[in-house]
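S.K.: using only what follows, build the 3D model:
(one chain, ligands or ions: 1)
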Amino acid sequence: MTIEVRNIVKQFGSFRALDNVDLRVETGELMALLGPSGSGKTTLLRIIAGLEWPDAGSIAFDGEDALARGAAERHVGFVFQHYALFRHMSVFENVAFGLRVQPRKIRKSEAEIRKRVGDLLDLVQLGWLADRYPNQLSGGQRQRIALARALAIEPRILLLDEPFGALDAKVRKELRAWLRNLHEEIHVTSIFVTHDQEEALEVANRVVVMDKGRIEQIGSPGDVYERPASAFVHGFIGESIVLPVEVRDGRVRLGDRVLDLAPTDTASGPSKLFVRRHDVAVGPSGSGVFEGAVKSVRAFGPMQRADIVLQGVGGDTLVEIDAPRDHSLKVGDRIGLQPQRYRIFADR
Ligand SMILES: Nc1ncnc2c1ncn2[C@@H]1O[C@H](COP(=O)(O)OP(=O)(O)OP(=O)(O)O)[C@@H](O)[C@H]1O
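M.R.: Purely as a prediction, here's the structure:
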(Lines give C-alpha, C1' and ligand atoms only; values in the text may rest on other atoms or scores of the structure.)
Protein backbone atom coordinates (compact mmCIF):
# COMPACT_ATOMS: atom_id res chain seq x y z
CA MET A 1 0.00 0.00 0.00
CA THR A 2 1.46 3.37 -1.01
CA ILE A 3 0.78 6.58 0.90
CA GLU A 4 0.79 9.85 -1.00
CA VAL A 5 0.74 13.03 1.09
CA ARG A 6 0.26 16.21 -0.96
CA ASN A 7 0.55 19.83 0.14
CA ILE A 8 -0.74 19.17 3.62
CA VAL A 9 -1.30 22.28 5.73
CA LYS A 10 -2.39 22.12 9.36
CA GLN A 11 -3.06 25.19 11.38
CA PHE A 12 -3.70 25.33 15.15
CA GLY A 13 -5.14 28.85 15.55
CA SER A 14 -2.52 31.12 14.03
CA PHE A 15 0.24 28.52 14.45
CA ARG A 16 1.15 26.54 11.34
CA ALA A 17 2.07 23.03 12.52
CA LEU A 18 2.42 21.62 8.97
CA ASP A 19 3.40 23.83 6.07
CA ASN A 20 2.85 22.25 2.64
CA VAL A 21 4.12 18.79 3.40
CA ASP A 22 4.66 16.45 0.42
CA LEU A 23 5.64 12.86 0.92
CA ARG A 24 5.33 9.52 -0.84
CA VAL A 25 5.75 6.27 1.04
CA GLU A 26 6.24 3.18 -1.12
CA THR A 27 4.65 -0.20 -0.48
CA GLY A 28 6.47 -2.14 2.22
CA GLU A 29 8.67 0.75 3.32
CA LEU A 30 9.64 1.40 6.91
CA MET A 31 9.91 5.16 6.99
CA ALA A 32 11.02 7.33 9.91
CA LEU A 33 9.75 10.85 10.59
CA LEU A 34 12.64 12.46 12.42
CA GLY A 35 12.78 15.95 13.88
CA PRO A 36 12.98 17.98 17.05
CA SER A 37 10.08 18.38 19.43
CA GLY A 38 7.29 20.44 17.88
CA SER A 39 8.39 19.89 14.26
CA GLY A 40 5.00 18.39 13.34
CA LYS A 41 5.80 14.65 13.21
CA THR A 42 2.92 13.50 15.39
CA THR A 43 0.47 15.85 13.70
CA LEU A 44 1.38 14.38 10.30
CA LEU A 45 1.03 10.83 11.62
CA ARG A 46 -2.37 11.61 13.16
CA ILE A 47 -3.58 13.10 9.89
CA ILE A 48 -2.52 9.96 8.00
CA ALA A 49 -4.32 7.85 10.64
CA GLY A 50 -7.52 9.93 10.42
CA LEU A 51 -7.31 11.16 14.02
CA GLU A 52 -6.76 14.74 12.86
CA TRP A 53 -7.88 16.62 9.74
CA PRO A 54 -5.75 18.92 7.60
CA ASP A 55 -6.77 22.44 6.55
CA ALA A 56 -5.56 21.82 3.01
CA GLY A 57 -3.97 19.11 0.92
CA SER A 58 -4.70 15.47 0.16
CA ILE A 59 -3.80 12.00 1.36
CA ALA A 60 -4.17 8.94 -0.85
CA PHE A 61 -3.71 5.26 0.01
CA ASP A 62 -2.94 3.32 -3.18
CA GLY A 63 -4.32 6.27 -5.15
CA GLU A 64 -7.61 6.32 -3.23
CA ASP A 65 -8.65 9.45 -1.29
CA ALA A 66 -8.07 8.64 2.40
CA LEU A 67 -9.56 11.91 3.66
CA ALA A 68 -12.96 10.71 2.46
CA ARG A 69 -12.80 8.00 5.14
CA GLY A 70 -12.79 8.13 8.93
CA ALA A 71 -10.09 6.53 11.05
CA ALA A 72 -11.99 3.26 11.52
CA GLU A 73 -12.40 2.79 7.75
CA ARG A 74 -8.77 3.43 6.90
CA HIS A 75 -7.60 0.10 8.21
CA VAL A 76 -4.55 1.52 9.92
CA GLY A 77 -2.74 0.00 12.91
CA PHE A 78 -1.49 2.47 15.51
CA VAL A 79 1.05 2.12 18.33
CA PHE A 80 1.62 5.04 20.70
CA GLN A 81 4.44 5.79 23.11
CA HIS A 82 2.17 5.09 26.06
CA TYR A 83 -0.10 2.46 24.68
CA ALA A 84 -2.95 1.84 27.05
CA LEU A 85 -3.36 -1.92 26.99
CA PHE A 86 -6.59 -2.86 28.74
CA ARG A 87 -5.48 -3.49 32.31
CA HIS A 88 -8.28 -5.87 33.17
CA MET A 89 -7.65 -8.08 30.12
CA SER A 90 -4.96 -10.73 29.72
CA VAL A 91 -2.32 -10.33 27.03
CA PHE A 92 -4.23 -12.82 24.91
CA GLU A 93 -7.49 -10.89 25.21
CA ASN A 94 -5.76 -7.59 24.52
CA VAL A 95 -4.43 -8.91 21.23
CA ALA A 96 -7.77 -10.56 20.43
CA PHE A 97 -9.75 -7.37 21.15
CA GLY A 98 -9.69 -5.89 17.64
CA LEU A 99 -10.83 -9.21 16.17
CA ARG A 100 -13.68 -9.67 18.66
CA VAL A 101 -15.20 -6.24 17.95
CA GLN A 102 -15.22 -6.65 14.17
CA PRO A 103 -18.66 -6.49 12.50
CA ARG A 104 -20.41 -9.85 12.72
CA LYS A 105 -20.31 -10.52 9.00
CA ILE A 106 -16.51 -10.48 8.84
CA ARG A 107 -15.79 -11.61 12.40
CA LYS A 108 -13.62 -14.71 12.68
CA SER A 109 -14.73 -17.82 14.58
CA GLU A 110 -13.38 -18.40 18.10
CA ALA A 111 -10.99 -21.07 16.74
CA GLU A 112 -9.70 -18.67 14.06
CA ILE A 113 -9.23 -15.90 16.62
CA ARG A 114 -7.25 -18.25 18.88
CA LYS A 115 -5.05 -19.28 15.96
CA ARG A 116 -4.47 -15.69 14.82
CA VAL A 117 -3.63 -14.41 18.33
CA GLY A 118 -1.29 -17.37 18.85
CA ASP A 119 0.48 -16.60 15.57
CA LEU A 120 0.82 -12.90 16.49
CA LEU A 121 2.21 -13.70 19.93
CA ASP A 122 4.71 -16.01 18.26
CA LEU A 123 5.60 -13.24 15.82
CA VAL A 124 6.45 -10.85 18.67
CA GLN A 125 8.06 -13.79 20.51
CA LEU A 126 5.88 -13.48 23.60
CA GLY A 127 3.62 -16.50 23.37
CA TRP A 128 4.65 -17.53 26.88
CA LEU A 129 3.06 -14.35 28.31
CA ALA A 130 -0.43 -14.96 26.90
CA ASP A 131 -2.08 -15.38 30.31
CA ARG A 132 -0.38 -12.48 32.04
CA TYR A 133 -1.90 -9.06 32.64
CA PRO A 134 -0.33 -5.81 31.42
CA ASN A 135 0.93 -4.79 34.88
CA GLN A 136 2.93 -8.05 34.97
CA LEU A 137 4.94 -7.09 31.86
CA SER A 138 8.06 -5.00 31.36
CA GLY A 139 7.77 -1.79 29.31
CA GLY A 140 9.44 -3.42 26.32
CA GLN A 141 7.11 -6.44 26.49
CA ARG A 142 4.11 -4.12 26.68
CA GLN A 143 5.14 -2.34 23.49
CA ARG A 144 5.62 -5.64 21.69
CA ILE A 145 2.12 -6.69 22.77
CA ALA A 146 0.81 -3.30 21.64
CA LEU A 147 2.34 -4.01 18.24
CA ALA A 148 0.79 -7.49 18.09
CA ARG A 149 -2.53 -5.90 18.97
CA ALA A 150 -2.18 -3.29 16.21
CA LEU A 151 -1.36 -6.05 13.71
CA ALA A 152 -4.30 -8.25 14.69
CA ILE A 153 -6.75 -6.65 12.26
CA GLU A 154 -4.22 -7.05 9.41
CA PRO A 155 -3.81 -3.31 8.88
CA ARG A 156 -2.80 -2.03 5.46
CA ILE A 157 -0.60 0.56 7.14
CA LEU A 158 1.20 0.59 10.48
CA LEU A 159 1.86 3.90 12.26
CA LEU A 160 4.11 4.06 15.31
CA ASP A 161 4.44 7.22 17.39
CA GLU A 162 7.66 7.12 19.46
CA PRO A 163 6.92 3.46 20.22
CA PHE A 164 10.05 3.07 22.33
CA GLY A 165 10.14 6.60 23.71
CA ALA A 166 9.33 5.65 27.29
CA LEU A 167 11.81 2.76 27.52
CA ASP A 168 15.34 2.77 28.87
CA ALA A 169 18.30 3.03 26.47
CA LYS A 170 19.24 -0.65 26.48
CA VAL A 171 15.71 -1.92 25.84
CA ARG A 172 15.25 0.70 23.13
CA LYS A 173 18.32 -0.60 21.35
CA GLU A 174 17.12 -4.20 21.52
CA LEU A 175 13.68 -3.26 20.22
CA ARG A 176 15.15 -1.36 17.27
CA ALA A 177 16.76 -4.49 15.90
CA TRP A 178 13.64 -6.44 16.76
CA LEU A 179 11.35 -3.99 14.89
CA ARG A 180 13.57 -4.05 11.81
CA ASN A 181 13.54 -7.84 11.72
CA LEU A 182 9.81 -7.96 12.33
CA HIS A 183 9.22 -5.52 9.49
CA GLU A 184 11.30 -7.66 7.16
CA GLU A 185 9.00 -10.53 8.01
CA ILE A 186 5.63 -8.77 7.64
CA HIS A 187 6.44 -5.99 5.16
CA VAL A 188 3.50 -3.74 6.05
CA THR A 189 3.96 -0.14 4.86
CA SER A 190 5.03 1.53 8.10
CA ILE A 191 5.84 5.02 9.38
CA PHE A 192 7.37 5.65 12.76
CA VAL A 193 7.96 8.92 14.55
CA THR A 194 11.10 9.53 16.53
CA HIS A 195 13.24 12.42 17.68
CA ASP A 196 16.18 10.04 18.13
CA GLN A 197 18.47 10.23 15.10
CA GLU A 198 20.25 6.99 15.89
CA GLU A 199 16.94 5.17 16.07
CA ALA A 200 15.79 6.62 12.73
CA LEU A 201 19.06 5.83 10.93
CA GLU A 202 19.28 2.32 12.34
CA VAL A 203 15.71 1.17 11.79
CA ALA A 204 14.26 2.93 8.74
CA ASN A 205 14.99 2.35 5.08
CA ARG A 206 14.17 6.02 4.40
CA VAL A 207 14.22 9.00 6.73
CA VAL A 208 12.15 12.18 6.52
CA VAL A 209 13.82 15.01 8.43
CA MET A 210 11.34 17.66 9.61
CA ASP A 211 11.71 21.08 11.16
CA LYS A 212 9.08 23.69 11.93
CA GLY A 213 6.32 21.92 10.03
CA ARG A 214 8.37 21.48 6.87
CA ILE A 215 10.29 18.62 5.33
CA GLU A 216 13.99 19.46 5.18
CA GLN A 217 15.15 16.28 3.48
CA ILE A 218 13.96 12.83 2.47
CA GLY A 219 16.58 10.17 1.86
CA SER A 220 18.17 6.90 2.86
CA PRO A 221 19.96 6.89 6.23
CA GLY A 222 23.23 7.12 4.26
CA ASP A 223 21.96 10.15 2.30
CA VAL A 224 20.82 12.23 5.24
CA TYR A 225 24.02 11.47 7.14
CA GLU A 226 26.55 11.77 4.31
CA ARG A 227 24.80 14.35 2.16
CA PRO A 228 22.70 16.57 4.41
CA ALA A 229 20.66 18.97 2.28
CA SER A 230 20.68 21.88 4.70
CA ALA A 231 22.43 23.38 7.69
CA PHE A 232 19.53 22.18 9.83
CA VAL A 233 19.94 18.54 8.75
CA HIS A 234 23.71 18.67 9.21
CA GLY A 235 23.30 20.15 12.66
CA PHE A 236 20.56 17.72 13.70
CA ILE A 237 22.14 14.47 12.50
CA GLY A 238 25.54 13.52 13.87
CA GLU A 239 27.72 15.74 16.03
CA SER A 240 29.39 18.63 14.26
CA ILE A 241 31.73 21.49 14.89
CA VAL A 242 30.04 24.62 13.56
CA LEU A 243 31.97 27.80 12.85
CA PRO A 244 30.63 31.07 11.43
CA VAL A 245 32.40 31.89 8.16
CA GLU A 246 31.93 34.16 5.20
CA VAL A 247 32.21 33.12 1.57
CA ARG A 248 33.35 35.97 -0.64
CA ASP A 249 35.11 35.96 -4.06
CA GLY A 250 35.30 32.17 -3.96
CA ARG A 251 37.17 32.20 -0.66
CA VAL A 252 36.17 31.04 2.78
CA ARG A 253 36.94 33.60 5.50
CA LEU A 254 36.78 33.32 9.24
CA GLY A 255 37.13 36.74 10.88
CA ASP A 256 40.05 38.35 9.07
CA ARG A 257 41.64 35.05 8.01
CA VAL A 258 41.24 33.34 4.65
CA LEU A 259 40.91 29.60 5.31
CA ASP A 260 42.55 27.12 2.99
CA LEU A 261 39.21 25.45 2.28
CA ALA A 262 37.19 25.34 -0.93
CA PRO A 263 33.63 26.68 -0.72
CA THR A 264 31.18 23.79 -0.95
CA ASP A 265 27.62 23.86 -2.21
CA THR A 266 26.47 27.27 -3.38
CA ALA A 267 27.13 29.12 -0.16
CA SER A 268 27.93 32.80 -0.41
CA GLY A 269 27.89 35.61 2.11
CA PRO A 270 27.55 34.85 5.83
CA SER A 271 27.63 31.06 6.18
CA LYS A 272 28.37 28.19 8.53
CA LEU A 273 31.16 25.67 8.22
CA PHE A 274 30.14 22.20 9.44
CA VAL A 275 32.70 19.50 10.23
CA ARG A 276 31.73 16.27 11.92
CA ARG A 277 33.70 15.72 15.09
CA HIS A 278 35.43 12.63 13.70
CA ASP A 279 36.22 14.21 10.32
CA VAL A 280 39.12 16.25 11.70
CA ALA A 281 42.69 14.98 11.26
CA VAL A 282 44.94 15.82 14.19
CA GLY A 283 48.62 16.55 13.56
CA PRO A 284 51.48 18.60 14.94
CA SER A 285 51.14 22.36 15.32
CA GLY A 286 51.20 24.05 11.91
CA SER A 287 49.86 21.02 10.06
CA GLY A 288 46.27 22.08 9.48
CA VAL A 289 43.83 24.87 8.71
CA PHE A 290 43.25 25.42 12.43
CA GLU A 291 45.56 25.61 15.42
CA GLY A 292 44.42 24.50 18.82
CA ALA A 293 45.39 23.61 22.36
CA VAL A 294 44.08 20.49 24.07
CA LYS A 295 41.99 21.42 27.10
CA SER A 296 40.76 18.00 28.21
CA VAL A 297 40.74 14.39 26.94
CA ARG A 298 38.42 11.46 27.63
CA ALA A 299 39.42 8.13 26.17
CA PHE A 300 36.97 5.29 25.62
CA GLY A 301 37.24 2.21 23.42
CA PRO A 302 39.25 2.93 20.30
CA MET A 303 38.45 6.67 20.40
CA GLN A 304 39.42 9.71 22.39
CA ARG A 305 37.18 12.76 22.72
CA ALA A 306 38.95 16.02 23.34
CA ASP A 307 38.00 19.62 24.05
CA ILE A 308 40.18 21.87 21.94
CA VAL A 309 40.55 25.62 22.25
CA LEU A 310 40.87 26.90 18.67
CA GLN A 311 43.22 29.79 18.25
CA GLY A 312 43.28 32.68 15.81
CA VAL A 313 39.62 32.39 14.91
CA GLY A 314 38.53 35.58 16.62
CA GLY A 315 38.50 34.89 20.33
CA ASP A 316 39.09 31.46 21.77
CA THR A 317 36.53 28.96 20.56
CA LEU A 318 36.03 25.64 22.27
CA VAL A 319 35.26 22.64 20.04
CA GLU A 320 34.95 18.95 20.71
CA ILE A 321 36.64 16.39 18.43
CA ASP A 322 36.69 12.60 18.24
CA ALA A 323 40.02 11.14 17.20
CA PRO A 324 41.42 7.61 17.02
CA ARG A 325 43.74 6.76 19.89
CA ASP A 326 46.77 6.06 17.72
CA HIS A 327 47.81 9.69 18.15
CA SER A 328 47.54 10.11 21.90
CA LEU A 329 46.46 13.61 22.96
CA LYS A 330 47.54 15.22 26.24
CA VAL A 331 46.21 18.27 28.00
CA GLY A 332 48.23 21.32 26.94
CA ASP A 333 49.36 19.84 23.56
CA ARG A 334 49.40 22.33 20.72
CA ILE A 335 48.00 20.68 17.62
CA GLY A 336 47.05 21.33 14.02
CA LEU A 337 43.53 20.42 12.90
CA GLN A 338 42.62 19.67 9.31
CA PRO A 339 38.96 19.20 8.35
CA GLN A 340 38.90 16.19 6.04
CA ARG A 341 35.29 16.46 5.03
CA TYR A 342 33.15 19.51 5.56
CA ARG A 343 30.16 21.41 4.22
CA ILE A 344 29.43 25.11 4.08
CA PHE A 345 25.83 26.34 4.10
CA ALA A 346 24.76 29.96 3.67
CA ASP A 347 22.90 31.41 6.65
CA ARG A 348 19.23 31.57 5.83
N1 LIG B 1 -4.27 20.21 19.38
C2 LIG B 1 -3.34 21.16 19.28
N3 LIG B 1 -3.62 22.46 19.54
C4 LIG B 1 -2.69 23.42 19.42
N5 LIG B 1 -1.41 23.21 19.05
C6 LIG B 1 -1.07 21.93 18.78
C7 LIG B 1 -1.99 20.86 18.90
N8 LIG B 1 -1.34 19.70 18.56
C9 LIG B 1 -0.08 20.05 18.27
N10 LIG B 1 0.10 21.39 18.40
C11 LIG B 1 1.34 22.13 18.15
O12 LIG B 1 1.81 21.80 16.85
C13 LIG B 1 3.23 21.65 16.85
C14 LIG B 1 3.61 20.30 16.30
O15 LIG B 1 3.24 19.32 17.25
P16 LIG B 1 3.58 17.78 17.04
O17 LIG B 1 3.04 17.04 18.20
O18 LIG B 1 3.14 17.36 15.69
O19 LIG B 1 5.17 17.82 17.07
P20 LIG B 1 6.19 16.62 17.18
O21 LIG B 1 7.22 16.89 16.15
O22 LIG B 1 5.49 15.32 17.13
O23 LIG B 1 6.82 16.87 18.61
P24 LIG B 1 7.16 15.85 19.81
O25 LIG B 1 8.40 15.12 19.39
O26 LIG B 1 7.38 16.77 20.97
O27 LIG B 1 5.96 14.96 19.98
C28 LIG B 1 3.68 21.91 18.29
O29 LIG B 1 4.17 23.22 18.39
C30 LIG B 1 2.44 21.71 19.10
O31 LIG B 1 2.44 22.53 20.25
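S.K.: where's residue 39 relative to residue 24, distance?
M.R.: According to CB to CB, to the nearest Å, residue 39 and residue 24 sit 19 Å apart. All C-beta atoms are positioned from the backbone trio N, CA, C, and that covers glycine.
S.K.: look at these two and report which has more neighbours.
M.R.: residue 39 (25 against 13; other CB atoms under 10 Å).
S.K.: what about the residue lying closest to that one once chain neighbours are set aside, which SS state?
M.R.: In this structure, residue 39 finds its nearest non-sequential neighbour in residue 210, 4.3 Å apart by CB to CB, 6 or more residues apart in numbering. Here residue 210 is recorded as strand under DSSP: H, G, I helix; E, B strand; the rest coil.
S.K.: from what I see, residue 210 and residue 40 are in contact.
M.R.: Yes: taking contacts as CB atoms under 8 Å, residue 210 lies within contact range of residue 40: 5.8 Å.
S.K.: so between these two, which is more surrounded?
M.R.: A count of neighbours by other CB under 10 Å puts residue 210 above the other of residue 210 and residue 40, at 27 against 23.
S.K.: check contacts around the more buried one.
M.R.: Counting by CB atoms under 8 Å, 6 or more residues apart in numbering, residue 210 makes contact with 33, 34, 35, 39, 40, 41, 44, 216.
S.K.: so the first one sits right up against residue 43, yeah?
M.R.: No: in this structure, residue 33 sits apart from residue 43 without contact. The criterion is CB under 8 Å, and the distance is 10.2 Å.
S.K.: now for whichever residue of the stretch 101-250 of the chain sits closest to the ligand: which residues touch it?
M.R.: Closest approach between the stretch 101-250 of the chain and the ligand, counting by CB to the nearest ligand atom: residue 195, at 4.8 Å. When contacts are counted by CB under 8 Å, 6+ apart, residue 195 touches 34, 35, 36, 37, 41, 162.
S.K.: around the ligand, pick out the residues from the stretch 101-250 of the chain.
M.R.: residue 195 (CB under 6 Å from any ligand atom).
S.K.: if we go to 8 Å?
M.R.: 161, 162, 193, 195, 210, 213 (CB under 8 Å from any ligand atom).
S.K.: give me the nearest residue to the second one, chain neighbours excluded.
M.R.: On the basis of CB to CB, 6+ apart, the spatially nearest residue to residue 162 that is not a chain neighbour turns out to be residue 81, at 4.1 Å.
S.K.: distance of the one you found from the ligand?
M.R.: 9 Å (CB to the nearest ligand atom, to the nearest Å).
S.K.: now that residue, what's its secondary structure?
M.R.: Assignment for residue 81 (three-state DSSP): coil.
S.K.: so which residues of the stretch 1-150 of the chain form strands?
M.R.: Secondary structure of the stretch 1-150 of the chain (DSSP state E, counting those that start in this stretch): strands at 3-12, 15-25, 30-34, 56-61, 64-65, 76-79.
S.K.: ranking those by burial, who's on top?
M.R.: Highest mean neighbour count among those (mean count of other CB atoms under 10 Å): strand 30-34, with a mean of 25.
S.K.: torsion angles phi and psi at residue 38?
M.R.: phi 90, psi 10 (degrees, to the nearest 10).
S.K.: show me the contacts for it.
M.R.: With contacts defined as CB under 8 Å, 6+ apart, residue 38 is in contact with residue 212.
S.K.: residues near residue 336, how many?
M.R.: Counted with other CB under 10 Å, residue 336 comes out at 16.
S.K.: can you verify it is assigned to a strand?
M.R.: Yes: counting by three-state DSSP, residue 336 is located in a strand.
S.K.: thanks a lot, see you next time.
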